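Participant: This is the structure alone, sequence omitted:
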């Protein structure tokens, strides 16, 4: 038996998950749009809780978010606030919500997070 065989191996190589959060649509709905060229590469989740579980692996490189995820369900904006609190925004973000106000709220939260990170980096120098 290999002495390293007991080491826990990740299910996914580091930072290679493309995560798609939407309660109804599939990535193929967006064929032809930048960032969605390979719809079979996306891991599809239908709820904020499922998205959090995948994001907690810290292996997500791309994230595409819908805002409205069904009646009385947490929204894509709720996930954005959580990601800002736990510092786990992926490197590549797409907002595909048809809700203009939801799209704007998620975008503002993301920009606010980036602005705070830049300020934090400047203070640490």
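Facilitator: Yep, it's here. Only a predicted model underlies this, so the values are computations on that prediction, with no experimental measurement involved. Residues are numbered from 1 along each chain as shown.
Participant: what kind of secondary structure is the residue nearest to residue 46 when sequence neighbours are not counted in?
Facilitator: The shortest distance from residue 46 to any non-neighbouring residue, by C-beta to C-beta, 6 or more residues apart in numbering, is to residue 23 (5.4 Å). Yep, even glycine has a C-beta here, placed from its N, CA and C like the rest. Using DSSP: H, G, I helix; E, B strand; the rest coil, the structure places residue 23 in coil.
Participant: pretty sure residue 23 is touching residue 67, no?
Facilitator: No - shown here, residue 23 and residue 67 do not form a contact pair, counting by C-beta atoms under 8 Å, at 10.2 Å.
Participant: Looking at the two now, which is surrounded by more residues?
Facilitator: Legend: neighbour count by other C-beta atoms under 10 Å for residue 23 and residue 67, higher for residue 67 (24 against 14).
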